[in-house]
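I would like the atomic coordinates for the input below:
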Amino acid sequence: FFASSREAAQFSRSQFAARFNPVFAMEDDDSPSYKTKRPAPVHGDELSKALPTPEVDDCPTPMLAAITGLEKLRIREEMAQTPASVTLEPMPEEPSTAGAAKRRRARKSRAGRRAGGGGAGPKGLQAPFVLQPRTPQAHARTVIMLHGFTSTGKQLASGWLPALAKALGRRTLDTLKLVFLNAPIRTVSCYGDERPRHPAWHDYFTDHGGDEGRPDLEEEIDEEQVAWARERIHAAIDAEAAALGGDYSRVAIGGASQGCCMALDAALTHRELLGGVFASFGHVYECTARLAPYPDGRDALLISAFHGAADECIAASLALRKYADLVDLGFHRLTLRVAPSLGHCEPSDAELVAFADALGGWGFLPKPGRGEATAANDEAPAEARPDGRVEGRRTARRRRRHAAALTTPPRRGREEAE
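Numbering: from 1, shown residues only. A predicted model of the protein is given here:
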């Protein structure tokens, strides 16, 4: 509206209101005639000289008429300065189809990265849940645990640690470092169009152990995601072995369900011989048996397997066939326990006893010395009770003395004897 910025700065608010008083007075008029009547023209020598006059006098207000006139003059000057050889193309009314196709490809690419398909996956594993030993100097062994499908490391630890501390004793766990790894969040393909996202070491393409009702068949899985998870689990094993002076025999791995399958895969494909493997409610993948470069001295690998006979997710028959293949390959130091009437991943004392026996067989449990005899008697496991509960030796002695007192007849008094 002004010829220069200096003129605009000198134009005060009161001068502006005085100049455009007819425009603002139009809004305060109570009569509806302002909607149809044109307002009075703006008078002023300076303003009339600075503002151009529009060619078409069809604007409802002097302010809008001035703006329209300025815009027409600007467009006319730009067209006059345009070279004649330049052809001005009209703006397309619809968006380009190439741009829309590019946006669709970008959305599909992002969806593929989220799903982790085609070898793509997360950058790394989530932070693990770790139970540290009592002191860094007391660190003697490390056990890496892998949770099952849709679970987490903390959930697996919350189910294992209390019972394990009660069975083995709190002081026994002071020398162990338990690392519960966490799988990434992945899109699961076997559930149709829903495609939910769950913590999973890999994707499933079939659901034999679910709606199909064939738990005796091995699931079709994403082998590229298995290789991705295997690399990360191997890195965790190497890190724990490095903390123990490079001694891989002091590092063991275990897992449940899908974590069991991945634990077997990691142990059988690692270049070094681990201290042991605890496999619960799982089996050996076909891709593991086909691609695993088994280490030298394969018979030395200690494998402790546990399964439930009533498992309707991963049938015991499937697990037994896969473990039999391992025996044929030369893994003769394999212990397998099948609990009757036990479903998939149902907690039981039998599984806890199997894990404790595996730790003892691997040499991961410290042997009590003279100063630790009392503590060992207080917290070492005793025989399981008929109801399956595990208790310490001191509690067991008290229970036996109490039972003996109930069965022994009371001593008669002197009057009764006479």
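
and the residue nearest to Gln126 when sequence neighbours are not counted, what is it in contact with?
With sequence-adjacent residues excluded and distances taken as Cβ to Cβ, 6 or more residues apart in numbering, Gln126 is closest to Asn182, at 3.9 Å. No exception for glycine: its C-beta is placed from N, CA and C like everyone else's. Contacts here follow Cβ atoms under 8 Å, 6 or more residues apart in numbering; on that basis Asn182 touches Leu125, Gln126, Ala127, Pro128, Phe129, His147, Thr152, Gly153, Pro199.

and Gly275, how far is that from Met145?
Separation of Gly275 from Met145 (Cβ to Cβ, to the nearest Å): 14 Å.

Gly343 too?
Counting by Cβ to Cβ, the gap from Gly343 to Met145 is 21 Å.

neighbour count for the two, which is higher?
Taking other Cβ atoms under 10 Å, Gly343 and Met145 do not tie; Met145 has more neighbours (25 against 14).

so that one touches Val179, yeah?
Yes - contact between Met145 and Val179 holds when scored by Cβ atoms under 8 Å: they sit 7.0 Å apart.

so what sits against both of those two?
Joint contacts of Met145 and Val179 (Cβ under 8 Å, 6+ apart) do not exist.

okay, now the unreliable bits of this protein?
1-121, 292-298, 368-418 (pLDDT under 70).

where along it do the strands fall?
126-131, 141-146, 176-182, 185-187, 197-199, 251-256, 276-280, 303-308, 334-339 (DSSP state E).

would you list the ones you listed in JSON lines and tack on distance to Ala163?
As requested, the strands of the chain are exported to JSON lines (distance: least, Cβ to Cβ, whole Å):
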{"stretch": "strand 126-131", "distance to Ala163": "14"}
{"stretch": "strand 141-146", "distance to Ala163": "14"}
{"stretch": "strand 176-182", "distance to Ala163": "13"}
{"stretch": "strand 185-187", "distance to Ala163": "28"}
{"stretch": "strand 197-199", "distance to Ala163": "23"}
{"stretch": "strand 251-256", "distance to Ala163": "14"}
{"stretch": "strand 276-280", "distance to Ala163": "13"}
{"stretch": "strand 303-308", "distance to Ala163": "14"}
{"stretch": "strand 334-339", "distance to Ala163": "15"}
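
which of the ones you listed sits most buried?
Here the criterion is mean neighbour count by mean count of other Cβ atoms under 10 Å, and of these the winner is strand 251-256, at a mean of 28.

what's the angle from that one to strand 176-182?
50 degrees (axes from the mean of the first three to the mean of the last three Cα atoms, to 10 degrees).

out of the strands of the chain, which is closest to Ala358?
Closest of the strands of the chain to Ala358 is strand 303-308, at 3.7 Å (criterion: Cβ to Cβ).

can you tell me what sits against the closest one?
264, 267, 276-281, 314, 316, 319-320, 323, 326, 331, 333-339, 341-344, 346, 350-351, 354-355, 357-358, 361.

at 7 Å instead, please
276-281, 316, 319, 323, 331, 333-339, 342-344, 346, 351, 354, 358 (Cβ atoms under 7 Å, 6 or more residues apart in numbering).

just so I know, which of the strands of the chain lies nearest Pro162?
Here strand 126-131 is closest among the strands of the chain (Cβ to Cβ), at 11.6 Å.

and the closest one, what does it pack against?
helix 153-168, strand 176-182 (3 or more Cβ pairs under 7 Å, 6 or more residues apart in numbering; DSSP states H and E).

grab the CA positions of the first one and hand them over as CSV.
Backbone C-alpha positions of helix 153-168 (Å, rounded to 0.1, in the frame of the first residue of the first chain) are rendered in CSV as follows:
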residue,chain,number,x,y,z
GLY,A,153,12.6,-61.3,28.9
LYS,A,154,11.2,-59.8,32.0
GLN,A,155,8.1,-62.1,31.9
LEU,A,156,10.4,-65.1,31.5
ALA,A,157,12.5,-64.0,34.4
SER,A,158,9.5,-63.3,36.7
GLY,A,159,8.4,-66.9,36.3
TRP,A,160,11.9,-68.5,36.7
LEU,A,161,13.8,-66.5,39.2
PRO,A,162,11.7,-66.9,42.4
ALA,A,163,11.4,-70.7,42.0
LEU,A,164,15.0,-71.0,41.0
ALA,A,165,16.2,-69.1,44.0
LYS,A,166,14.0,-71.2,46.3
ALA,A,167,15.2,-74.5,44.8
LEU,A,168,19.0,-73.7,44.5
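
quick check: angle from that helix to strand 126-131?
Using the same axes, to 10 degrees: helix 153-168 against strand 126-131 is 20 degrees.

now the angle from helix 153-168 to strand 141-146?
Going by the same axes, to 10 degrees, helix 153-168 makes 130 degrees with strand 141-146.

so what secondary structure elements neighbour helix 153-168?
Under the contact criterion of 3+ Cβ pairs under 7 Å, 6+ apart, helix 153-168 touches strand 126-131, strand 176-182, helix 349-362.

keeping just the C-alphas, turn the shortest one into PDB.
As requested, C-alpha coordinates have been extracted for strand 126-131 and formatted as PDB (Å, rounded to 0.1, in the frame of the first residue of the first chain):
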ATOM      1  CA  GLN A 126      15.900 -54.400  22.800                       C
ATOM      2  CA  ALA A 127      17.700 -54.000  26.100                       C
ATOM      3  CA  PRO A 128      17.900 -57.300  28.000                       C
ATOM      4  CA  PHE A 129      16.700 -58.000  31.500                       C
ATOM      5  CA  VAL A 130      19.900 -58.900  33.500                       C
ATOM      6  CA  LEU A 131      20.300 -60.500  36.900                       C
END
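
what does it rub up against?
Gly153, Lys154, Ala157, Leu161, Lys177, Leu178, Val179, Phe180, Leu181, Asn182, Pro184.

closest one to Ile233 out of those, please.
Leu181 (6.9 Å).

thinking Leu168 is in contact with Asp357, fair?
No - using Cβ atoms under 7 Å, Leu168 is not in contact with Asp357, being 11.0 Å away.

what's the closest of the helices and strands packed on strand 126-131 to Asp207?
helix 153-168 (22.1 Å).

would you mark the buried spots in the closest one?
Gly153, Gln155, Leu156, Ala157, Trp160, Ala163, Leu164, Lys166, Ala167, Leu168 (16 or more other Cβ atoms under 10 Å).

contacts for it?
128-129, 131, 145, 147, 173, 180-182, 256, 347, 352, 356, 365, 381, 390.

how about 6 Å then?
Pro128, Phe129, Met145, His147, Leu173, Phe180, Leu181, Asn182, Leu352, Ala356, Pro381, Val390 (Cβ atoms under 6 Å, 6 or more residues apart in numbering).
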